[in-house]
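Visitor: one predicted model, sequence on top.
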Amino acid sequence: MKNNNILVDIGTNKFVLLCLMAGVALGNLLVINFFTSFGAFSYLKVTILLLLLCCGFFIALRPNVFVTTRTLLLIIIPVLGVAIPPKRLGFSAFDIILIAILLMLLHDLFWRKKTIKLIPDKLAFVFFISVLPAVFLGISPIDSAVSFFKILLCYVFFITIHAYLSEKDAFVNIVKYLAVALTLVSLAIFFERVTGINLSGASKNLNAFVEGANVYRYGGFFQDPQKAGQFLAVGGTFLILLICQNVPLGRKITRLVKFSLLVSCAALLLTVSKNSILSGFFFSLIGIFFFNRNNQLKKKLLFIVPLVLFVLVAFSGKITSNFFASSLGARMLRIEQSANIRLNLWRDNLNLFKAHTVKGIGPGNYQEFLMRTDPNLRAKKAVGGYVPGQPESGYLKILFETGILGLVGLIIFFLGNAAKMMRCFLYSFHGKSSGIVVSASFAMIVFALCYITLFTTSDSRNAVIFIIMYAVFSNAKCQKKSIS
């Protein structure tokens, strides 16, 4: 009888997930087909009720509310970026779920006297604390406090995932949820490619125009294809390295991972995100050729690589012409010009913010600072115009908003983890390093490279995938138990 109940729970969970994803997709379709303006009738008014009902129903079915809420967060990764009203606060579904987790953790800490490791990683804690002074020294302490609270929620997610990785089968479950998320994100990109409908609920199909050539870029559940590209590049690199490192996942999960890689590699190309594509494919190839312990994969490469080279040589003319005519080819040909544009933008921003680089303008205040500097930008935003909220670089945003202390915290975080990674890679060549650590290291490097050209952690899904990678990387002692 007990086994039958377990099967019913599993079947119910899958049904709830299906309803959730279908509800989000149909909500977007309703808005796009029946309303001409996202501002006139928000996507959230169609889907948020169904989303909340599905989440509440899912949690109510399980006896352990904390575990269920944590699991729910991992299940709905593709739609964690859904904005929750009031929009001016900028809270997403990710923030709301983490507020619930934070309240449950506080309840357990003060009433049930349960202990939880609040500083599971010293480097992460130093980086987290280094942001705090800028909250009080910035130009708008209230807005900074709201932004810092969101950073706190990310830290809560980190300690939650770090602790979860110590549980039995936790790592395999996380891999499963990531593979499912990559698959759903990829399918949403394919859906947008066929129908032209962007499922983010923020805008319709994004279409960039580059010197007389239409460059179509698809994001699926992401409003910004660059952020979709980074999500796929980081997750894809991690899964590829897991396969190369022979990490035991089980037959079913391994098949799921391989299918996820198949669709996500194709979807990554459709995002036409140069940095994500180059970083993801380059470090995946390094992992395949230099960190590959999978004998079956090595045998397949001995056949596939010569075949691919032969096809490229035999059909070079046609392949080259088709590539140059594609959106990806048009973007790749513009790498030098794009780099010059960004360098000029960074130079202008450094000149604009140089008087505030010591104490910082406060977390989340980049856009507000620009509007105070140029009042015309505030008027532009009031009529729905675009005012940038980041300087086209995650690292510069951290510098401008958190000042020297934030930069020092970032440098300590970077150098400390770089040293750990170097030891990990050296040990890996002698077969002494964990394949899980190597896989997470490569994924974090891809994330770090993509972060150069865009502040991607403003999207909760990119924040989630980085935090998961870092929790896996920093929790090496618990990995044997988590995959047992």
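Guide: Received the coordinates, thanks.
Visitor: which residues in the stretch 201-350 of the chain form strands?
Guide: Secondary structure of the stretch 201-350 of the chain (DSSP state E, counting those that start in this stretch): strands located at 207-210, 213-216.
Visitor: report the buried residues of the lengthiest helix in the chain.
Guide: For the chain, the helix that runs over the most residues, judged by DSSP state H, is helix 394-429. Neighbour-count burial for helix 394-429 flags 394-403, 405-407, 409-410, 413, 416-417, 420-421, 424-425, 428 (criterion: 16 or more other CB atoms under 10 Å). Every residue, glycine included, has its C-beta placed from N, CA and C.
Visitor: before we move on, the earlier item: the strands of the stretch 201-350 of the chain: lowest mean pLDDT?
Guide: Mean pLDDT across the strands of the stretch 201-350 of the chain is lowest at strand 207-210; the value there is a mean of 51.
Visitor: quick one: average pLDDT of stretch 369-388?
Guide: 84.
Visitor: could you do stretch 340-350 as well?
Guide: Computed over stretch 340-350, the average pLDDT equals 88.
Visitor: what of stretch 82-89?
Guide: 71.
Visitor: quick one: stretch 73-87 to chain centroid distance?
Guide: 12 Å (CA atoms, centre = their mean, to the nearest Å).
Visitor: could you pull out the buried residues of that stretch?
Guide: By 16+ other CB under 10 Å, the buried positions in stretch 73-87 come out as 73-84.
Visitor: out of these, which sit inside helices?
Guide: 73-75.
Visitor: re earlier: off-centre distance for the longest helix of the chain?
Guide: That offset, for helix 394-429, works out to 18 Å (CA atoms, centre = their mean).
Visitor: I'd like the next helix or strand past that helix.
Guide: As assigned by DSSP states H and E, the chain's next helix or strand after helix 394-429 is helix 435-450.
Visitor: and that following helix, how far out from the chain's middle?
Guide: 13 Å.
Visitor: same check on stretch 155-166?
Guide: In this view, stretch 155-166 has its centroid 17 Å away from the chain centroid, taken as CA atoms, centre = their mean.
Visitor: contact partners of that stretch?
Guide: 70, 73, 98, 101-102, 105, 116-118, 120-121, 124, 128, 170-171, 174, 464, 467-468, 470-472, 474-475, 478-479, 481-482 (CB atoms under 8 Å, 6 or more residues apart in numbering).
Visitor: in it, what's buried?
Guide: 155-166.
Visitor: type out the ChimeraX command that picks the buried ones from the contacts of stretch 155-166.
Guide: Remark: buried members of these, expressed as a ChimeraX selection using 16+ other CB under 10 Å:
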select :70,73,98,101,102,105,120,121,124,128,170,171,174,464,467,468,470,471,472,474,475,478,479,482
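Visitor: so which of the contacts of stretch 155-166 are in strands?
Guide: With DSSP state E as the criterion, strands contain none of these.
Visitor: pass me the low-pLDDT residue ranges in the stretch 1-150 of the chain, would you?
Guide: Regions of the stretch 1-150 of the chain meeting the criterion pLDDT under 70 cover residues 1-63, 85-89, 113.
Visitor: residue boundaries of the helices in it?
Guide: 2-34, 43-60, 65-75, 93-110, 122-130, 132-137, 141-164 (DSSP state H, counting those that start in this stretch).
Visitor: same question, the stretch 251-400 of the chain
Guide: 251-271, 274-290, 295-314, 316-325, 327-332, 335-353, 366-373, 375-382, 394-429.
Visitor: between helix 251-271 and the second one, find me the angle.
Guide: What separates the directions of helix 274-290 and helix 251-271 is an angle of 140 degrees, with axes from the mean of the first three to the mean of the last three CA atoms, to 10 degrees.
Visitor: for stretch 135-143, what is the distance to the chain centroid?
Guide: That offset, for stretch 135-143, works out to 27 Å (CA atoms, centre = their mean).
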